[in-house]
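S.K.: Pasting the sequence and the predicted model now:
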Amino acid sequence: MNEILLKLQSLGISPAESKVYLTLIKLGNAKAGQIISLVELSSSNVHEALEKLTKKGLVSSIIKNGVKEYTASDPKTLELLLQKERKELDKKEDSLRGLLTEIKSIQLLPHPDQNAEIFEGFNGIKSAFGKLLSNSENKEEYLFFYKYDSKDAEKVNEFFSKMDKEGYYNKLQTRAIFSLEYKKLFSKRKNKINARFTDQPIPSSINIFYNKVLIISWGEKPIGYLIESFEISKMFRELFEGMWRLAKK
């Protein structure tokens, strides 16, 4: 019995819920009072456990003669709970991968004693793009990530829409990976960007061209870090190509 309780708890079912659920499995159906008399739990804990088990789909109830009677759902319902738990774990793993990417991006930001340029504000970011894309004669691809954030999506979209009109990258072969949530806003822009979209975690705003990387922190006052490094550029280019294969048009 203890082993079964532990396995149930590994699925995200609390100790109290596990005891109540197994008691109902044995009884088939029962009133709350019957369950309270059989488990070493307070009345409030049993009622709380029954409520949570009902929300998880592991318990159902009907009212007979004005009294609620509970029934344990088919144990196969646990398979659905396991599938849900696996999906949650997958999401956590994806979030962790995204977080690791973000952390690596921060690690690559130059220390104060290293040679790098910092740009502030939207006008500063515009200047940073001018420097990033200044070696267009190299015929390199311009690659970038943009992670959607509802707090600044509209103003960032407006900023890039203006860059579209000014033809900053019209002469360049450009590929971009966007968050899926940005697809609707992107469809209104007029440009020649070869875009793909993903619901997987991606770096916030990283732009790669030739031997330069521009990392932007959007917000009330955007800040851009322009780094000149073949090694860092190569690393982000490889990351981009890996995610490009998984993203969708």
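M.R.: On my side now, so go ahead.
S.K.: Could you pull up the mean pLDDT of the helix or strand residue 178 falls within?
M.R.: Assessed by DSSP states H and E, residue 178 sits inside strand 174-179. What strand 174-179 shows for mean pLDDT is 92.
S.K.: Check stretch 118-126 too.
M.R.: The pLDDT scores in stretch 118-126 average 91.
S.K.: what bridges to the nearest residue to residue 247 once chain neighbours are set aside?
M.R.: Leaving aside its sequence neighbours, residue 247 sits nearest to residue 196 (CB to CB, 6 or more residues apart in numbering; 3.6 Å). Glycine gets a C-beta too; all of them are placed from N, C-alpha and C. For residue 196, the beta-bridge partners under DSSP bridges are residue 177.
S.K.: Can you give me every residue that contacts residue 196?
M.R.: Residues near residue 196 by CB atoms under 8 Å, 6 or more residues apart in numbering: 175-178, 244, 247-249.
S.K.: at 6 Å what do you get?
M.R.: Contacts of residue 196 were listed using CB atoms under 6 Å, 6 or more residues apart in numbering, and they are 177, 247, 249.
S.K.: Measure how buried the last one is and give me the count.
M.R.: When you say that, I think you mean residue 249. Residue 249 is flanked by 7 other residues according to other CB atoms under 10 Å.
S.K.: Look up how far residue 36 lies from the residue nearest to residue 48 when sequence neighbours are not counted.
M.R.: Once flanking residues are discounted, residue 48 sits nearest to residue 16: 7.3 Å by CB to CB, 6+ apart. Relative to residue 36, residue 16 is positioned 12 Å away (CB to CB, to the nearest Å).
S.K.: ok, so what distance separates the residue lying closest to residue 168 once chain neighbours are set aside from residue 116?
M.R.: Nearest residue to residue 168, sequence neighbours excluded (CB to CB, 6+ apart): residue 129, at 6.0 Å. Distance from residue 129 to residue 116, counting by CB to CB: 16 Å.
S.K.: Settle it for me: which of those two has more neighbours?
M.R.: The neighbour count for residue 129 versus residue 116, taken as other CB under 10 Å, is higher for residue 129 (22 against 15).
S.K.: and the gap between the residue in the chain sticking out farthest from the centre and residue 33?
M.R.: Ranking residues of the chain by C-alpha distance from their mean position (CA atoms, centre = their mean) puts residue 65 at the top, at 48.3 Å. Using CB to CB, we find residue 65 at a distance of 14 Å from residue 33.
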